[in-house]
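# Here's my sequence, what's the structure:
(one chain, ligands or ions: 1)
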Amino acid sequence: MEYLRIKGQQKINGTIRINGAKNAAVAILPAALLTEGIVKIDNLPKITDIDKLVEILKALGAKVSFSEEHLNIDSSGVDNFSPPPSLVNKFRASYYLMGVLLGRFGQVKIPMPGGCNLGPRPIDQHIKGFTALGAKVELEDGLVKIKAKNLKGAHIYLDVVSVGATINIMLAAVRAEGKTIIENAAKEPEIVDVANFLNAMGAQVIGTGTDVIKIQGVPELGHAEHTVIPDRIEAGTFMIAAAATKGEALVAEVIPKHLDPIIAKLKEVGAHLEVGPDWVRVKGNNMLFPADVKTFPYPGFPTDLQAPMMVLLTQAPGTSLITENVFEGRFRHVDELKKMGARIKLGGRTAIIDGGHELVSAPVRAMDLRGGAAFIIAGLISRGETVLAGVEHIDRGYEHIEKRFKQLGVSVERNTISNEIFPGK
Ligand code: UD1
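Have a look, this model is predicted:
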């Protein structure tokens with residue numbers, strides 16, 4: 001088992017260039033299956049979720065190769081609408097294969113998506129969209145079978161603002177007959193990026209970034225080249241780490257607009273921020289202030305940075321509140337943080353943080369991707385050396401996390417260990 005060893009009481013100091021956005025990339029790669037043409041994708045993060053997707057695309061018959069910084073995908077030979085369950089089982093974003101295979105072949109057979117355990121994560125809105133487009137959805141032997149004779153454009157109102165459902169319906173609708181309108185759509189920048197890629201292939205999608213998206217179906221898509229946008233969550237993680245360690249980071253190659261909710265909260269907490277055309281400098285302040293943070297769909301404060309933000313707020317003297325409005329049950333990091341001396345009480349969807357107390361190192365285990373990143377930040381500020389297990393969760397979404405932190409001047413080491421150090425897990 002791999003683990004990270006994090007030396008405590010270290011300050012971030014350095015420059016970091018941000019990689020391509022995971023949540024855009026995990027939809028763009030499957031979207032390449034919508035065309036028989038060849039696509040070139042640039043600025044992909046080197047994370048295990050992308051490795052898994054490449055394996056899935058190959059298993060379906062696509063030719064995938066790397067040249068320089070590009071990933072080339074040739075899907076002309078794909079004739080399989082049933083991705084191997086062993087590859088998609090534990091992989092949440094595998095749900096995008098539903099939309100693309102339905103769009104390309106009019107049918108798909110796939111296991112229910114797995115992935116980070118953030119409490120109940122239904123896909124009813126995805127299914128509602130596919131059904132409205134004329135597909136029949138059945139559950140058989142643990143597999144979701146979706147089939148349509150003819151996908152037809154439809155007017156779809158989402159009952160929940162969902163990133164996954166918005167993208168998935170968009171993916172299925174680009175090759176449907178006629179016009180699709182998605183109302184109450186999610187507005188995340190990654191959705192805009194996916195639409196830009198689809199449009200580069202010849203799709204006609206307008207309105208992404210607003211809550212009404214219109215898609216005029218086209219019979220086929222062609223070649224395209226696309227560069228994935230920077231990952232605002234990776235950027236936000238390092239920004240929060242700089243503020244929490246009272247250090248300094250120049251976070252480069254970002255789209256600062258996408259970071260607005262994070263910049264606003266970090267300022268409120270007392271950090272100094274300077275914003276350039278494609279960079280943000282965060283300078284920690286020895287004096288931190290408590291805050292009230294509520295997660296919301298974009299442009300609200302991102303749920304994916306809720307756990308790192310909680311670690312920062314443990315260092316702000318006074319009472320802070322974090323309300324998790326997006327995912328029920330996204331507080332699995334709280335018990336582990338308490339082991340490190342954090343004083344946090346949970347009441348329903350709200351965490352009450354009594355901040356300003358020293359954290360101490362403890363063996364902790366990441367139970368999901370972003371919670372894992374939060375423990376690294378906790379390790380950096382705590383007294384002693386933290387041993388962090390569950391690194392595989394972090395590797396799903398952060399490229400060589402230990403090397404990235406090394407670039408920021410702090411020591412995080414990856415090692416291998418036997419399971420015994422974490423009893424009962
Ligand atoms: C995506 C992101 C994830 C991020 C989340 C919210 C990817 C691969 N993952 O996840 O990092 O934390 O957006 O920004 O992009 N819901 C339903 N029914 C549905 C779909 C969703 O009730 O059919 C609910 C979910 O349970 C959740 C809320 O809607 O409470 C938002 O979920 P959603 O935006 O769909 O998140 P994901 O796409 O899974």
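# List of residues touching whichever strand or helix holds residue 310?
Using DSSP states H and E, residue 310 maps to helix 306-313. If you take CB atoms under 8 Å, 6 or more residues apart in numbering as the criterion, helix 306-313 is touched by 236-237, 240-241, 243-244, 265, 269, 288, 290-291, 293, 295, 301, 320, 322, 324, 330, 333-334, 337, 342, 344, 351, 353, 355, 370-371, 373-375, 377-378, 381. Yep, even glycine has a C-beta here, placed from its N, CA and C like the rest.
# what's the offset of the helix or strand following it from the middle of its chain?
Going down the chain from helix 306-313, the next helix or strand is strand 318-323, by DSSP H and E. Computed by CA atoms, centre = their mean, to the nearest Å, the chain-centroid distance of strand 318-323 equals 24 Å.
# touching the ligand at all, strand 318-323?
No. Strand 318-323 lies apart from the ligand when judged by CB under 6 Å from any ligand atom; the minimum separation is 13.5 Å.
# list the helices and strands the helix or strand following that strand packs on?
Heading C-terminal from strand 318-323, the first helix or strand you meet, by DSSP H and E, is helix 333-339. The criterion is 3 or more CB pairs under 8 Å, 6 or more residues apart in numbering; DSSP states H and E, and the helices and strands that helix 333-339 contacts are helix 306-313, strand 344-347, strand 363-365, helix 369-381.
# Return the set of buried residues in helix 333-339.
Across helix 333-339, burial judged by 16 or more other CB atoms under 10 Å covers 333-334, 336-337.
# Quick one: name the residues of the chain near the ligand.
Counting by CB under 6 Å from any ligand atom, the chain sits next to the ligand at 23, 26, 93, 121-126, 160, 162-165, 186, 303-304, 326-327.
# Would you list the phi and psi of the residue nearest to residue 279 when sequence neighbours are not counted?
Once flanking residues are discounted, residue 279 sits nearest to residue 252: 4.5 Å by CB to CB, 6 or more residues apart in numbering. Backbone torsions for residue 252, taken as degrees, to the nearest 10, come to phi -110, psi 160.
# Residue 183 touches residue 158, doesn't it?
Yes. Under the criterion of CB atoms under 8 Å, residue 183 makes contact with residue 158 at 6.9 Å.
# and those two? which has more neighbours close in?
Neighbour totals were compared for residue 183 and residue 158, and residue 158 leads with 19 against 12 (other CB atoms under 10 Å).
# Can you check the pLDDT for that one?
Per-residue confidence (pLDDT) for residue 158: 98.
# same thing with residue 177?
On the pLDDT scale, residue 177 gets 97.
# Report the beta-bridge partners for it.
residue 152 (DSSP bridges).
# Make sure it is actually in contact with residue 152.
Yes. Contact status for residue 177 versus residue 152: in contact at 5.2 Å, counting by CB under 8 Å.
# and the strand or helix carrying residue 146, what other elements does it pack with?
Following DSSP H and E, one finds residue 146 within strand 143-147. Applying 3+ CB pairs under 8 Å, 6+ apart, one finds that strand 143-147 contacts helix 96-105, strand 107-111, strand 136-140.
# hmm, back to that, export the helices and strands packed on helix 333-339 to a markdown table and tack on mean pLDDT and mean neighbour count?
Output for these, formatted as a markdown table (pLDDT from 0 to 100; neighbours: other CB atoms under 10 Å):
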| stretch | mean pLDDT | mean neighbour count |
| --- | --- | --- |
| helix 306-313 | 98 | 28 |
| strand 344-347 | 96 | 14 |
| strand 363-365 | 94 | 22 |
| helix 369-381 | 96 | 28 |
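# can you list the weak-confidence ranges in this structure?
Low-confidence segments of the chain (pLDDT under 70): 114-120, 418-425.
# how about the helices of it, start to end?
Using DSSP state H, the helices assigned to the chain run over residues 22-31, 48-59, 85-88, 96-105, 124-132, 163-173, 189-200, 232-244, 260-269, 306-313, 333-339, 369-381, 391-395, 401-407.
# Tell me which of those lies nearest to residue 416.
Closest approach to residue 416 among the helices of the chain is made by helix 391-395 (10.1 Å; CB to CB).
# Tell me the one of the buried residues of helix 333-339 nearest the ligand?
The ligand lies nearest to residue 333 out of the buried residues of helix 333-339, by CB to the nearest ligand atom, at 13.8 Å.
# ok, the closest one touching residue 367?
Yes. Look at residue 333 against residue 367 with CB under 8 Å: they come within range, at 7.1 Å.
# wait, what's in contact with whatever residue of the stretch 101-250 of the chain ends up closest to the ligand?
Nearest residue of the stretch 101-250 of the chain to the ligand, counting by CB to the nearest ligand atom: residue 164, 2.7 Å away. If a contact means CB under 8 Å, 6+ apart, then residue 164 has 93, 95-96, 123, 126 as its contacts.
# burial count for the nearest residue to residue 161 once chain neighbours are set aside?
Nearest non-adjacent residue to residue 161, counting by CB to CB, 6+ apart: residue 297, 4.5 Å away. Residue 297 is flanked by 19 other residues according to other CB under 10 Å.
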